[in-house]
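S.K.: Show me how the following folds:
(2 chains, ligands or ions: 3)
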Amino acid sequence: MVSPNIISELRAQLGKDNVLTSPEELIVYSYDASAAAPKGRPDVVITPSTRDQVACIVKLCAKYNVPIYPRGSGTNLSGGTIPLKGGIVMSTLNMNKIIDLDYENLTATLQPGVIIQTLNDAVAAAGLIYPPDPGTVSTATMGGAVAECAGGLRGLKYGVTKHYVMGLEVVLANGEVIRVGGKTVKNVTGYDLTQLFTGSEGTLGIITEIIVKLIPAPEHHISMMAAFNDLDRAARTISDIIKNRVIPATLEIMDNTTIRTVEEFKKVGLPVEAEAVLLIEVDGIKEVVEREARVVMDICRANEVDKITVAKDDQERFRLWEARRAALPALSRVKPTTILEDATVPRSRIPDMIRAIRKIAEKYDLVIGTFGHAGDGNLHPTIVTDASDKEEMARVERAVNEIFEAALGLGGTLSGEHGIGTAKAKFLEKEFGSEGLAVMKRIKDALDPNGILNPGKIFVSLGESKNADD
Amino acid sequence: MQMIDSLAEVRAEIGKCMKCGNCQSVCPIYQETRHETGVARGKITLVEAFLSGELALTEKLENLLSLCLVCKSCVINCPCGVKLDKIVLGARAEIAKRKGLPLIKKAIFGTMKRPRYMDFGLKLGSRFQGLVFRRHEDREANYPRFSIGMSLRRIIPPLAVLPFRQVVPERLVVQKPRLKVAFFTGCAINYLYPDIGISTVNVLTRNNIEVIIPKAQHCCGTPVLAHGDVSTARQMAVSNLIILKSLEVDAIVTSCASCGGALKHEYGELLSDRSQKKLALEIGARVYDINEFLTEVAGFEKPKGDVPLRVTYHDPCHMVKVQQVTEPPRQVLRSIPGLEFVEMAKPDRCCGNGGSFSLQYYDLSMDITGKKMNDIKNTGTDLIVTSCPGCRMQLEDGANRYGLPHRVVHTVQLLDQAYRNHKQTDK
Ligand SMILES: Cc1cc2nc3c(=O)[nH]c(=O)nc-3n(C[C@H](O)[C@H](O)[C@H](O)COP(=O)(O)OP(=O)(O)OC[C@H]3O[C@@H](n4cnc5c(N)ncnc54)[C@H](O)[C@@H]3O)c2cc1C
Ligand code: SF4
Ligand code: SF4
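M.R.: Residues are numbered from 1 along each chain as shown, chains lettered A, B, ... in the order given. Ligands and ions are numbered 1, 2, ... in the order given. Model prediction:
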């Protein structure tokens, strides 16, 4: 698909070290962190370092109708970077400069390949943070986070990526460069294109510069773990906390299957009999935090909590969170394939959702551990299975279908934070209806008429199907 | 049970990887190259494709698989506990099996099997090294004069005129010994840094501990294993184990992080024969790093002599990530009067040595060392301390390359100095 003369043009533009074509170098770009997603080998991998190089290459792709797939650290969970149709994978990792830290306007301007943690390290000395913290803060790129609109543990209080993106520079499918948004807090000039590109999963343009908002770091934290032998009491606790006007930075839940698996794997002292464990952290000004922690504990007790632990120091706090961090790895050790879902419901419907998932697990005879961000209704039902077992995979597929239906039925959404990619593309219409989907396709078609930007992701666009027909 | 050259074991390890990419945040190679081929997740994919036949055995593949420091940073950070070292070493062993070892490596490793010839070969090297190396003006080190397969900018310590084990007697008796130990020197101390060996012996005898330095001990086997020569590594392991078993000692002490890791943990995994494995585990349980031995077993005498230096400490990968020893060397340093100890940022970041990795990929290895040098520069210290001769070599080279005034010593050398400084003031 990528002809030798395109490759020599790429080499001329980028230098030969930034154009990889050997099978050994290509095969490692055929996957990302998505477990059961289909794989595909690219024809070329390139590593540009400037916006102008990106623009030049996209022009080349447009001219020859070659698919191009932007890729950050390849940690997304929905197959978003996989080169399904061959073509060029464009790694942003050499675009890793922090361009500007502006402490007067509290903004940072970055190239897309900057790792989220690198940004946090750079602003820590100034007492600032960039709050969105997916489980992959120390690996994921800012470009990937913006393109996925990544969430994280602190979403409940601090929001998700889209709440921090103020401006973008984007290379469009024809190679033109546009700048949208900026450093101002208020901005209603024209359509909000910044938000359009945020979460667009590399299908509308390639992000080459990002302006984000920073906020002062909270000075104090208190972490607690509350175990309940009854799901409803745990759920009531979640809504009571928020009803009492305490917004914890994090409010996480793990169900019994997850608790047992984590405890077996890590021995962190989790109560294996508990139906649900809540992990709660409040942060902010010391006096306020202490008062909020007391409110949280009172609410837990009022809901007859079976066991409550408060971390006395940073070390204990770290240990509490270790249990949560171990959830996915622990589940993933049970069987060879881990399918991590991302169904999200309004906070008040969490017990219904957990119960629905449990019923589905029983019905299809599957192991499903559920954990996630209870505070914002974002659950991660995690199916552990074996991709080589065809019969079980058929059951998994039906179970996944039903999980989505349950979430939508409860007023929720297919994906809270992991995106659609290839993994959930076929369910999109269920949520949006054919009219909603058609609007999205028209937007895609307007910006990328030939479907060369990350084809096969979110949906098959008009341009792509046209291309396939040619 | 793990066996380095069992492909079933390698495949099982590969199967554990969930492709989360967490290894990216710690892999020193990946942080320099930023290519998926450099990181554990990518290497696992390469090995998987190689074993399944999807990728042919090419020079490129071999090069990519040697692009690993086997530092295990990824292993301790992996949520799924994937033992990348097993996968990479297993693949290298498979490659060696299919291709045979390159002739030159075979000749070198063949000699390493027989310590007497190695002494001879290296001694000849030492007498004649002036022909090959020109002396570096300032440092106790040499630049290669012409290319001998190493980068020309590299400085390496001069070969000892006499190997350490030939200078010291096999047994150092003390009056009424509290304890009796065997000292496993390893090659780097024996041939390159006898000063570390001498300080180790001084410190132990000063603490009233009898030391036996078995003459017939071999290389620990780590370098040969890194090149996939499993059978030579096994022979070396068995021979060392038999020698160590024959000694009546309370403990076995090493001053080399890599030897310590091999004796403590890796022999048990390397050996497949049941009785040999059992022996490896028995002996392994009695092996201590010198710092660990001094602080946790011997309860060493606190030195009274001043060593008025500002120092920082580098954690060798094979100490932290293999032996899990971090506090003891710091305790030793803090016990020294007048010494000011300053932690650097990320003291456990790999120095970039990785054994012969640094010979094969000198520039990349020095880029990794550059990060370390930057951290060291920020400490405002005069001296780098570490607990492994391999790291010492890399750090000396790095300090020279990046223009830092620092010299590099082993913790026991400072402790030895502190004891001696006291003796001098006594007189
Ligand atoms: C263990 C684990 C835990 C996780 N936890 C969370 C979590 O808590 N919350 C959460 O939201 N996610 C989570 N994720 C998912 C993942 O980390 C995020 O989606 C992350 O933002 C992806 O960043 P990346 O750099 O790896 O992007 P990639 O995976 O490389 O790319 C993601 C998408 O962005 C596109 N893209 C990348 N760069 C650009 C660019 N410059 N311009 C345009 N498009 C681009 C790609 O084409 C792709 O569609 C987790 C993943 C793992 C493996
Ligand atoms: S951290 Fe472990 S499981 Fe994750 S990709 Fe790396 S090797 Fe695989
Ligand atoms: S052992 Fe070290 S160099 Fe090798 S892949 Fe793991 S972290 Fe990277």
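S.K.: Show me which residues of chain B sit near chain A.
M.R.: B:15-16, B:18-22, B:24-25, B:34-37, B:41-42, B:45-46, B:49, B:54-55, B:58, B:60-61, B:64, B:79-81 (CB under 8 Å from any CB of the partner chain). Every residue, glycine included, has its C-beta placed from N, CA and C.
S.K.: Near ligand 2, which residues of chain B? Just list them.
M.R.: By the rule CB under 6 Å from any ligand atom, the part of chain B lying against ligand 2 is B:17-23, B:40-41, B:74, B:78, B:80, B:82, B:84.
S.K.: which of these has the weakest pLDDT?
M.R.: Ranked by pLDDT, the residues of chain B next to ligand 2 bottom out at B:C80 (86).
S.K.: ok, now which ones touch it?
M.R.: A:P329, A:S332, A:R333, B:K16, B:C17, B:M18, B:C20 (CB atoms under 8 Å, 6 or more residues apart in numbering or on different chains).
S.K.: Could you list which of these belong to helices?
M.R.: Cross-referencing the contacts of B:C80 against helices under DSSP state H gives A:P329, A:S332, A:R333, B:K16.
S.K.: so what's the first one up against?
M.R.: Taking CB under 8 Å, 6+ apart as the criterion, A:P329 is in contact with A:F265, B:M18, B:C20, B:P79, B:C80.
S.K.: From ligand 1, how far out is the second one?
M.R.: Think B:M18. According to CB to the nearest ligand atom, to the nearest Å, B:M18 and ligand 1 sit 8 Å apart.
S.K.: Buried ones among the residues of chain B next to chain A?
M.R.: Buried by 16 or more other CB atoms under 10 Å in any protein chain shown: B:16, B:18-22, B:24-25, B:34-37, B:41-42, B:45-46, B:49, B:55, B:60-61, B:64, B:79-80, out of the residues of chain B next to chain A.
S.K.: re the thing from before, would you mind giving the contacts of B:C80 as JSON lines with distance to A:T136 added?
M.R.: Converted to JSON lines, the contacts of B:C80 look like this (distance: CB to CB, whole Å):
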{"residue": "A:P329", "distance to A:T136": "13"}
{"residue": "A:S332", "distance to A:T136": "15"}
{"residue": "A:R333", "distance to A:T136": "19"}
{"residue": "B:K16", "distance to A:T136": "19"}
{"residue": "B:C17", "distance to A:T136": "16"}
{"residue": "B:M18", "distance to A:T136": "13"}
{"residue": "B:C20", "distance to A:T136": "8"}
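S.K.: Spell out which residues of chain B are next to ligand 3.
M.R.: Near ligand 3, the residues belonging to chain B are B:26-29, B:40, B:43, B:68-74, B:84-85 when assessed by CB under 6 Å from any ligand atom.
S.K.: run the last query once more with 8 Å
M.R.: Where chain B comes near ligand 3, counting by CB under 8 Å from any ligand atom, the residues are B:23, B:26-30, B:38-40, B:43, B:67-75, B:84-85, B:88, B:317, B:350, B:354.
S.K.: From those residues, which land in strands?
M.R.: Using DSSP state E, no member of the residues of chain B next to ligand 3 falls in strands.
S.K.: Which of these are buried? Put it as a ChimeraX command.
M.R.: One line in ChimeraX is enough to select the buried members of those, burial here meaning 16+ other CB under 10 Å:
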select /B:23,26,27,28,29,30,38,39,40,43,67,68,69,70,71,72,73,74,75,84,85,88,317,350,354
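S.K.: What about ligand 1: which of the residues of chain B next to ligand 3 touch it?
M.R.: The overlap between the residues of chain B next to ligand 3 and the neighbours of ligand 1 (CB under 8 Å from any ligand atom) is empty.
S.K.: what about the chain, any weak spots by pLDDT?
M.R.: Because you didn't say which chain, this covers chain A. A:467-470 (pLDDT under 70).
S.K.: right idea, wrong chain: chain B
M.R.: Judged by pLDDT under 70, the stretches of chain B that qualify are B:1-5, B:101-161, B:423-427.
S.K.: And the residue nearest the centre of chain B?
M.R.: What sits nearest the mean C-alpha location of chain B, by CA atoms, centre = their mean, is B:S258, with 3.2 Å.
S.K.: element containing it, please.
M.R.: helix B:257-261 (DSSP states H and E).
S.K.: list the buried ones in that helix?
M.R.: B:A257, B:S258, B:C259, B:G260, B:G261.
S.K.: which among these gets closest to ligand 1?
M.R.: Lowest distance from ligand 1 to the buried residues of helix B:257-261 (CB to the nearest ligand atom) belongs to B:G261, with 28.8 Å.
S.K.: For the closest residue to the closest one other than its chain neighbours, give its distance to ligand 3.
M.R.: Computed as CB to CB, 6 or more residues apart in numbering or on different chains, the closest residue to B:G261 that is not its neighbour in sequence is B:V322, at 3.6 Å. Taking CB to the nearest ligand atom as the measure, B:V322 falls 11 Å from ligand 3.
S.K.: quick one: which helix or strand includes whichever residue of chain A sits closest to ligand 1?
M.R.: Using CB to the nearest ligand atom, A:G144 is the residue of chain A that sits closest to ligand 1, at 2.1 Å. If you go by DSSP H and E, A:G144 is part of helix A:142-148.
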